[in-house]
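Peer 1: Mind looking at a prediction? Sequence and model below.
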Amino acid sequence: DVTFSLLGANTKSYAAFITNFRKDVASEKK
């Protein structure tokens, strides 16, 4: 299903966004 594929891609992008966001927050706290 195309919708499912898009959802999977969005989930991966969201996970990467959260990871990068946490890295940025950690960097600013130092």
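Peer 2: Received the coordinates, thanks.

Peer 1: In the protein, where is pLDDT below threshold?
Peer 2: Along the chain, the model assigns pLDDT under 70 to residues 1.

Peer 1: any chance you could map the helices in it?
Peer 2: Along the chain, counting by DSSP state H, helices occupy 2-29.

Peer 1: Give me the buried positions along stretch 7-18.
Peer 2: Residues of stretch 7-18 classed as buried by neighbour count (16 or more other C-beta atoms under 10 Å): none. For the C-beta atoms, the positions are set from N, CA and C on the backbone; glycine is no exception.

Peer 1: and that stretch, how far from the chain's centre?
Peer 2: When distances are taken as C-alpha atoms, centre = their mean, to the nearest Å, stretch 7-18 is centred 4 Å away from the chain's centroid.

Peer 1: and if you look at stretch 11-23?
Peer 2: With C-alpha atoms, centre = their mean as the basis, stretch 11-23 stands 2 Å off its chain's centre.

Peer 1: C-alpha coordinates for it, CSV please?
Peer 2: Once non-C-alpha atoms are left out, stretch 11-23 reads as follows in CSV (Å, rounded to 0.1, in the frame of the first residue of the first chain):
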residue,chain,number,x,y,z
THR,A,11,8.2,7.5,10.7
LYS,A,12,11.9,7.0,9.8
SER,A,13,12.3,10.8,9.0
TYR,A,14,10.6,11.6,12.3
ALA,A,15,12.9,9.3,14.2
ALA,A,16,15.9,10.9,12.6
PHE,A,17,14.5,14.3,13.4
ILE,A,18,14.1,13.4,17.1
THR,A,19,17.6,12.0,17.2
ASN,A,20,19.1,15.1,15.7
PHE,A,21,17.0,17.3,18.0
ARG,A,22,18.2,15.4,21.0
LYS,A,23,21.8,15.8,19.8
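
Peer 1: Near residue 30, how many other residues are there?
Peer 2: 4 (other C-beta atoms under 10 Å).

Peer 1: now residue 22
Peer 2: Burial of residue 22 is recorded as 10 neighbouring residues (other C-beta under 10 Å).

Peer 1: For it, give me its contacts.
Peer 2: Residues counted as contacts of residue 22 (C-beta atoms under 8 Å, 6 or more residues apart in numbering): none.
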